[in-house]
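Trainee: Give me a 3D structure for the following:
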Amino acid sequence: MSIEYKSCGCSFETNDKGLPIFNPNIISLPLDCSRTWDLICDGNTKGVFQLESYLGQSKSRDSQPRNIAELADVISIIRPGCNDAVVDGKTLTQHYIDRKAKRDEVKYFHPTLEPILKNTYGILVYQEQALAIAKELAGYSLSEAEILRKAIGKKDIELMTKVKSEFADKAVEHGILTRADAVEIFSWIEKSQKYSFNASHAVAYALNAYQTAYAKAHFPRAFFAAYIRHSGGKPKPFIEVNELVNNARIMDIDIRPPNILNMIENCELISGEPHFGLTNVKKVGKSVFKDIKKIIDEKGYDIASMTWDQFLMKIGRYVKKDSFENMIAAGAFDCYKISRNEMLYGLQLFIDLRDKDHNDLEQTEQETFVGGLEEAAGKLLNQEKIGFHDRNRIELLQSTVSSLLSPPFSLLDMPSWIAKKERELLGIELTCTEIDEYDTLDANCTCREYIKGFSSNVIAIAAKISSVREYAIKKGKNKGSLMAFIRIEDGTCALEGLVCFSDDWEKNKKDAKEGAIVLVRGTRDKKNKESFLVKKVQKLKQCI
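Mentor: Numbering: from 1, shown residues only. Just a heads-up that it's a prediction; the model follows:
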C-alpha cells in the first residue's frame, strides 16, 4: 500500500496502521519535495548536513533555497570566504541574500563578469568562478589560473604581491581591463577565495544536506532517534543532545526517558516514538548494559513483573554502583513507581551489606527488601550455633531494616533535583523542570508557543535563563553601550537569541543571570517576526 504523505508530493509504503515505513531509496529521492524545501527554508536545519549551526539555520531562512543549486550556494556563502569578505559595507554573504531577495540590484563590476557570476547574483562564490575570471579577463590558461587560486589560499604576503602584479599585467595585456580595475578585481578575488568551495564539492554537500533534510521532514522520529544515538561522537555530546531534544519538541516530538523495561542499549524507536537507551545515561557504558542483560536472560527474570525491591535484591549486586545510581537518578527505574531518592537510599543500604547477605537476598521469594532482610536474619537466628560473625551479620540486617522503615531524611523527589540530575546525566530535563517549583501564573506563553506564532501586545514567558551574551554596540547613538542576547528554556523547548537592547539591558541585567528562573516580558519584533525583544526580566517566587 502507498499513500500521498500529507500533500507533499511524495508517496511511501505504509504499515497496517497507515504510518509511513522508513525505507526510502536514497539514490532516487525526489529533489522537488515541497515538504523538504519548506523545512530548509524555515531554518529547521538542526541535524541537516552543513546547515545545523546557528549560522546555517539563519542563512537557510534568509536565502530561501528551492533547488540543489541554490542550496549549494547557501552552503558556500556561509563559509569564511564569503562571510568574512566585506564589500561596500556588507559581507558578500549578505550581498548574495539581498540580491536574491531583490532588495538590492544585481550589479557586475565589469560587463564580462555577467556570464560568469549570473547564477550567483553577481557575487563571487566558487573557485571555478575565480578561475573563469582569470581566464576571460586576464588571459590565463586554466592551468595558470589554478596556480593563481592555490597562491591565494596560501596567504603568503610576498607571494600575493607578486601574483597581484602578474594578474594586473596580464589583464592589461589582454586588453579588457585597466590596471586599476584589474587590481580591484584581484582584491575582490583575494578576499572571497581564501576559504571558498569549488562548485562540485558544494553540490555534493548540497545533495547530502537535502537527503538529511528529507529524512527529517518525512521521518522525524527516526531522524531524531538516529542523531541522538550518534551524539556520542560529537565534541560536546550533551550540548548536541540538548539541541536535538529541544528541536524535536518544536516539532511536537517528545523524546522519552530511559526505561529499564525497554532494555535498549541506545536511543531507538519503540512503538514509533524515540526512547533514550540505558547507555545514553552518563557513566553507563556498553559493558554495564550487557552485564544487566546477561543476568536477566540467564536467570530468566521477567523484570516487568518484579517490584523495585526484587530487582534490587536479585540483580543489584551485578551492576556497578555509580552506573546504577546514575540510571536511577536519570529515571530508568521510574516504571517501578518509587521515588528516585527512595531507590538511591535503598541501593546504598544494599551495597553496605556483605556478599553472604547478597546471596541470601538473591535467593529470596520476598517481594520487599525489608521482607528479604528479615528472612535472612531469621535464618541466622534459627541456627543451633550463632558465631561472632553471624551476630554481626544479624545486627547489620536488623539495622538495615530499621533504616528502611525510618529514613533519617525525606525521600521525596523535588522537581529541581530531578531536573538537575537529568540535565547532568542525559544532557536535558525530560520529566520536569526547575520552573515547576515556581509561581508562573503571570506567564501567557511558552517557548514552543512563541516559536509557533503566539502573538500578544505583551508576551510573558516563565523560563530558565541558560545563557547570556553581552555585546558592546559599535555604531549609532548608543555606541559603546552594552546590549545582550539571551537564551531561555522552559521544558517545552529552548528560545534562542532574545534581544535586550542597551536601555532595557541596563535595567534588567542584575536579574538576567545565567541559571535564574524568571518571567521574561517583551514583544515580537515587527521587522523580524521571529525575534523576541526583551523589555523586563523579573525573578519568579519559589512556591514549593
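
Trainee: by contact count, what packs against the longest helix along the chain?
Mentor: Criterion DSSP state H: the longest helix present in the chain is helix 199-218. Other helices and strands packing on helix 199-218, by 3 or more C-beta pairs under 8 Å, 6 or more residues apart in numbering; DSSP states H and E, are helix 34-41, helix 68-77, helix 127-138, helix 220-229. (C-beta placed from N, C-alpha, C; glycine too.)

Trainee: please redo it, this time with the cut-off set to 6 Å
Mentor: When contacts are defined as 3 or more C-beta pairs under 6 Å, 6 or more residues apart in numbering; DSSP states H and E, helix 199-218 packs onto helix 34-41, helix 68-77.

Trainee: quick one: buried residues of it?
Mentor: By neighbour count with 16 or more other C-beta atoms under 10 Å, helix 199-218 contains the buried residues 199, 202-203, 205-207, 209-218.

Trainee: rewinding a little: compare the helices and strands packed on helix 199-218 and report which one is nearest to Ile488.
Mentor: helix 34-41 (24.1 Å; C-beta to C-beta).

Trainee: check contacts around Met160.
Mentor: By C-beta atoms under 6 Å, 6 or more residues apart in numbering, the contact list for Met160 is empty.

Trainee: any idea which helix or strand carries it?
Mentor: Per DSSP states H and E: Met160 is located in helix 157-174.

Trainee: again with Thr523
Mentor: Here Thr523 is assigned to strand 517-524, by DSSP H and E.

Trainee: what angle sits between the helix or strand following that strand and strand 517-524?
Mentor: Per DSSP H and E, the first helix or strand lying C-terminal to strand 517-524 is strand 532-539. Interaxial angle of strand 532-539 relative to strand 517-524 (axes from the mean of the first three to the mean of the last three C-alpha atoms, to 10 degrees): 150 degrees.

Trainee: List the contacts of strand 532-539.
Mentor: 498-500, 504, 508, 511-512, 518-523, 525.

Trainee: Show me which of these is closest to Lys321.
Mentor: For the contacts of strand 532-539, the nearest to Lys321 is Val518 (37.7 Å; C-beta to C-beta).

Trainee: can you count the residues close to the closest one?
Mentor: 23 (other C-beta atoms under 10 Å).

Trainee: Next up, the contacts around it.
Mentor: 537, 539.

Trainee: Pull out the buried positions in the following helix or strand past the helix holding Met160.
Mentor: Note on helix 157-174: by DSSP H and E, the next helix or strand toward the C-terminus is helix 179-192. For helix 179-192, the neighbour count (16+ other C-beta under 10 Å) marks 181-183, 185-186, 188-192 as buried.

Trainee: What of stretch 484-501?
Mentor: Buried residues in stretch 484-501 (16+ other C-beta under 10 Å): 484, 486-496, 498-501.

Trainee: Could you pull up the mean pLDDT of that stretch?
Mentor: The average pLDDT within stretch 484-501 is 95.

Trainee: first to last residue in it, what's the distance?
Mentor: 7 Å (C-alpha to C-alpha, to the nearest Å).

Trainee: Identify the residues contacting it?
Mentor: 246, 249-250, 433, 435, 446-448, 463-470, 483, 505, 531-534.

Trainee: List only buried entries from these.
Mentor: Buried among the contacts of stretch 484-501 by 16+ other C-beta under 10 Å: 246, 249-250, 433, 435, 446-448, 463-466, 468, 483, 505, 532-534.

Trainee: Kindly indicate which of the buried residues of stretch 484-501 lies nearest Gln50.
Mentor: Out of the buried residues of stretch 484-501, the member with the shortest distance to Gln50 (by C-beta to C-beta) is Glu496, at 19.3 Å.

Trainee: how much distance is there from the strand or helix carrying the closest one to the middle of the chain?
Mentor: Here Glu496 sits within strand 494-500, counting by DSSP H and E. Centroid separation for strand 494-500 versus its chain: 16 Å, with C-alpha atoms, centre = their mean, to the nearest Å.

Trainee: Report the buried residues of stretch 366-373.
Mentor: For stretch 366-373, the neighbour count (16+ other C-beta under 10 Å) marks 366, 369-373 as buried.

Trainee: I'd like the residues you listed as a markdown table, with secondary structure, distance to Pro257 and pLDDT appended.
Mentor: Output for those, formatted as a markdown table (DSSP: H, G, I helix; E, B strand; the rest coil; distance: C-beta to C-beta, whole Å; pLDDT from 0 to 100):
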| residue | secondary structure | distance to Pro257 | pLDDT |
| --- | --- | --- | --- |
| Gln366 | coil | 29 | 94 |
| Phe369 | helix | 24 | 96 |
| Val370 | helix | 28 | 96 |
| Gly371 | helix | 29 | 95 |
| Gly372 | helix | 28 | 94 |
| Leu373 | helix | 30 | 95 |
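
Trainee: Show me where the stretch 351-500 of the chain has its strands.
Mentor: Per DSSP state E, counting those that start in this stretch, the stretch 351-500 of the chain carries strands over the ranges 459-472, 482-489, 494-500.

Trainee: Let's have these in TSV, adding distance to His275.
Mentor: Shown next, in TSV, are these (distance: least, C-beta to C-beta, whole Å):
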stretch	distance to His275
strand 459-472	25
strand 482-489	21
strand 494-500	21
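
Trainee: sorry, back to before: name the residues that touch the longest helix of the chain?
Mentor: Helix 199-218 has contacts (C-beta under 6 Å, 6+ apart) with 26, 29, 35-36, 39-40, 48-51, 68, 71-72, 75-76, 126, 128, 223.

Trainee: what's the answer for stretch 453-470, then?
Mentor: 434-435, 440, 442-445, 482, 484-490, 514, 516-517, 519-522.

Trainee: could you redo the last one with a cut-off of 8 Å?
Mentor: The contact list for stretch 453-470, computed with C-beta atoms under 8 Å, 6 or more residues apart in numbering, reads 433-435, 438, 440, 442-447, 450, 482-490, 494-495, 505, 512-524, 532, 535, 540.

Trainee: May I have it as PDB, with CA atoms only?
Mentor: Extracted in PDB, the C-alpha atoms of stretch 453-470 (Å, rounded to 0.1, in the frame of the first residue of the first chain):
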ATOM      1  CA  GLY A 453       3.500  32.100  16.200                       C
ATOM      2  CA  PHE A 454       1.800  33.200  19.500                       C
ATOM      3  CA  SER A 455       1.200  36.900  19.400                       C
ATOM      4  CA  SER A 456       0.100  39.500  22.000                       C
ATOM      5  CA  ASN A 457       0.800  43.100  22.900                       C
ATOM      6  CA  VAL A 458       2.900  41.800  25.800                       C
ATOM      7  CA  ILE A 459       4.400  38.300  25.800                       C
ATOM      8  CA  ALA A 460       5.400  36.800  29.100                       C
ATOM      9  CA  ILE A 461       7.300  33.500  29.300                       C
ATOM     10  CA  ALA A 462       8.400  31.800  32.600                       C
ATOM     11  CA  ALA A 463      11.700  30.100  31.900                       C
ATOM     12  CA  LYS A 464      15.200  29.400  33.000                       C
ATOM     13  CA  ILE A 465      18.000  31.600  31.500                       C
ATOM     14  CA  SER A 466      20.500  29.100  30.000                       C
ATOM     15  CA  SER A 467      23.000  31.700  28.600                       C
ATOM     16  CA  VAL A 468      23.600  35.400  28.400                       C
ATOM     17  CA  ARG A 469      25.900  37.000  25.900                       C
ATOM     18  CA  GLU A 470      26.800  40.700  26.300                       C
END
